[in-house]
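Novice: just coords:
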Ligand code: G3P
C-alpha cells in the first residue's frame, strides 16, 4: 500500500517527503482553509517536493463548473488529479475530465455502491472516508474490504485511497483490507514512526555501547 500525506501545509510535506516514504499528496477545501492558503499559494514551489500524484479538489457542485475548475487546477501540473465529490454531478464531471485525459479522485465516498459508480464513471481513484464512518458507528475497515472485493471481482482498475484516517490502526486496517493507498494526516504519520520499545531499545544499545569503550 502506498502512503500519501493528507495536508495543505508545505512544511509537513517537506518533512515527510524527506523520509523517502511518500508517494503522493491529497488536500481538500477544509485543509486549505485551516492552513489559510489558496491553491495558488499552496502550489508555489510544491512540484519538486511531491514524488507522485497531487489531488486538488473542486469547490463547485454542478458538473459544468466542476469541469471548468478541474481544467484550471490541472494547469498546475501533469501530476494533478482532480478531486470531485461523489454526487451525480461529480460522476458526470469525472467522465468529461476523463475524455480530456485528466484523472479524477472521487471523494466523500461512504458506501461500496458509491465506489462502484465512481469506477464505472472512469475515476482513477476513489476515496472512502473510513474515519467519518467509524465516528458514526459504522465500520470503515469493512467498507475498504467490500470495495476491494468488488473491484477485484470485476477487474475494475480504479485505485482505492483510504481517506479520513485518524490513527495508525486505521492505516493497518486499510492495508489489511486491500486499499491501494492510504492518505494520512501528518500527526498520524508521526505516530506511525514512533514506538516506545524502539526508543527503549535505542537507549539500551546506546548505554551498552558507551559503557563498552569499544569503537566502530
Ligand atoms: O481528504 C479527505 C479526508 O482525509 C478528510 O478527513 O479527518 O476531515 O474526515 P477528515
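Specialist: It's in. Model, not experiment: these values are computed from the prediction.
Novice: where do the strands of this structure begin and end?
Specialist: 2-6, 24-26, 54-57, 80-85, 104-109, 125-128, 159-162, 181-184 (DSSP state E).
Novice: need these in TSV with distance to residue 44 and mean pLDDT, can you?
Specialist: All C-beta atoms are positioned from the backbone trio N, CA, C, and that covers glycine. Shown next, in TSV, are these (distance: least, C-beta to C-beta, whole Å; pLDDT from 0 to 100):
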stretch	distance to residue 44	mean pLDDT
strand 2-6	17	98
strand 24-26	14	96
strand 54-57	13	97
strand 80-85	14	98
strand 104-109	22	98
strand 125-128	25	98
strand 159-162	25	98
strand 181-184	22	98
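Novice: give me the residue at the spatial middle of this structure.
Specialist: With distances taken as C-alpha atoms, centre = their mean, the residue of the chain nearest its centroid is residue 183 (2.8 Å).
Novice: flag every residue of the chain that's near the ligand.
Specialist: With C-beta under 6 Å from any ligand atom as the criterion, the chain comes near the ligand at residues 6, 26, 28, 129, 131, 132, 163, 164, 183.
Novice: can you list the low-confidence ranges for the protein?
Specialist: Applying pLDDT under 70 to the chain picks out residues 45, 47.
Novice: coming back round to it: residues contacting the residue nearest to the centre of the chain?
Specialist: 4, 5, 6, 24, 26, 55, 127, 161, 162, 163, 165 (C-beta atoms under 8 Å, 6 or more residues apart in numbering).
Novice: repeat that with 10 Å
Specialist: Taking C-beta atoms under 10 Å, 6 or more residues apart in numbering as the contact definition, residue 183 lies against 2-7, 23-28, 55, 105, 125, 127, 161-165, 171, 174.
Novice: try residue 196
Specialist: Residue 196 sits next to no residue when contact means C-beta under 10 Å, 6+ apart.
Novice: ok, which stretches of the chain are helices?
Specialist: Counting by DSSP state H, the chain has helices at residues 10-17, 29-35, 39-43, 63-74, 88-99, 112-120, 130-135, 140-153, 168-177, 186-193, 196-212.
Novice: with distance to residue 50 added, can I get those helices in a markdown table?
Specialist: Formatted as a markdown table, the helices of the chain follow (distance: least, C-beta to C-beta, whole Å):
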| stretch | distance to residue 50 |
| --- | --- |
| helix 10-17 | 7 |
| helix 29-35 | 15 |
| helix 39-43 | 10 |
| helix 63-74 | 14 |
| helix 88-99 | 20 |
| helix 112-120 | 23 |
| helix 130-135 | 23 |
| helix 140-153 | 24 |
| helix 168-177 | 20 |
| helix 186-193 | 15 |
| helix 196-212 | 28 |
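Novice: closest to residue 82 out of those?
Specialist: Comparing those against residue 82 with C-beta to C-beta, the closest turns out to be helix 63-74 (3.9 Å).
Novice: for that closest one, packing partners?
Specialist: Using 3 or more C-beta pairs under 10 Å, 6 or more residues apart in numbering; DSSP states H and E, the elements in contact with helix 63-74 are helix 39-43, strand 54-57, strand 80-85, helix 88-99.
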